[in-house]
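J.: structure here, sequence nowhere to be found:
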C-alpha cells in the first residue's frame, strides 16, 4: 500500500519469530524481504540507542528508552509503517515505547496482531487493556479511523481441540473477540 520496504519496521518478541517472518516474506516477495527491518523490541531499541544488548542490559532497556526519549527523539529511524507481532503480550513500558514510535516518529500506518486468548506474559504486566488503549491512541487526531479485523479461524489446531479450548475461553470475563 505505497510503503517502500525501507520504510517498514516489524517488531516481535523473539529472534526465532524474526527469522520465521523473514523466511515467510522471502517466499512471498523475494529479495525485497531483506529490505524490511524486522527486529525484536529489544534489538530495535539497541539499534536506536546505539547500544549493544545482552541478557543483563535488556532487563531495563525499554524503561531506559522511555525515560530518555526526550534526549533521543532525533535518533528515531525514518519508518512510516509499523507492524507489531504478539500484541497481546504488550505491557505498560512496551506500550509507552510503541506510543513514542507512533507519535514522535514518522509512523503513518500501524498493524497490531495479537490474540487476547493467548496472553502468556501477564506475569510481566501484559493485559488486554492495551488493545483498547492502542486503538484509542491511534485514533486521536487522525482523519482516517482505525479498522479492526477479527481473525477467527484457527489453521493450526484440530477442530476438536479448538472446540474444547473455546469452552474454557468463553468463560473469560473480558475478551476482545465477540465470537469464538
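T.: Good, I have the coordinates. For clarity, every value in this text was computed on a predicted model and none was experimentally measured.

J.: and the residue most central in space within the chain, what does it touch?
T.: In the chain, the centroid-proximal residue (C-alpha atoms, centre = their mean) is residue 84; its distance is 2.1 Å. Residues in contact with residue 84 (C-beta atoms under 8 Å, 6 or more residues apart in numbering) are 10, 11, 12, 90, 98, 110, 111, 112, 113, 114. Yep, even glycine has a C-beta here, placed from its N, CA and C like the rest.

J.: for it, phi and psi?
T.: Residue 84 adopts backbone torsions of phi -110, psi 120, taken as degrees, to the nearest 10.

J.: so that it lines up with my notes, have the first residue be 14 from now on.
T.: Shifting the count to begin at 14 puts that one at residue 97.

J.: what residues of the longest helix along the chain count as buried?
T.: Residue-count comparison of every helix in the chain, with assignments taken from DSSP state H, identifies helix 28-42 as the longest. If you call a residue buried by 16 or more other C-beta atoms under 10 Å, then helix 28-42 has these buried ones: 30, 31, 34, 38.

J.: need those residues in TSV (columns: pLDDT).
T.: As requested, the buried residues of helix 28-42 are arranged in TSV below (pLDDT from 0 to 100):
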residue	pLDDT
30	93
31	95
34	92
38	92
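
J.: about what we covered before: helices or strands up against the longest helix of the chain?
T.: Packed against helix 28-42, as judged by 3 or more C-beta pairs under 8 Å, 6 or more residues apart in numbering; DSSP states H and E, are the following elements: strand 21-25, strand 50-53.

J.: figure out how far the longest one is from the centre of its chain.
T.: What it means is strand 21-25. Taking C-alpha atoms, centre = their mean, to the nearest Å, the mean C-alpha location of strand 21-25 is offset from the chain mean by 7 Å.

J.: what helices or strands is that strand leaning on?
T.: Helices and strands touching strand 21-25, by 3+ C-beta pairs under 8 Å, 6+ apart, are helix 28-42, strand 50-53, helix 54-62, strand 94-97.

J.: what distance separates the last one from the centre of its chain?
T.: Centroid separation for strand 94-97 versus its chain: 7 Å, with C-alpha atoms, centre = their mean.

J.: okay, now the sheet partners of that strand, with direction.
T.: strand 21-25 (parallel), strand 122-125 (parallel) (DSSP bridges).

J.: of the ones you listed, which stretch is the most buried?
T.: Across the strands paired with strand 94-97, the average number of neighbours (mean count of other C-beta atoms under 10 Å) peaks for strand 21-25, which reaches a mean of 22.
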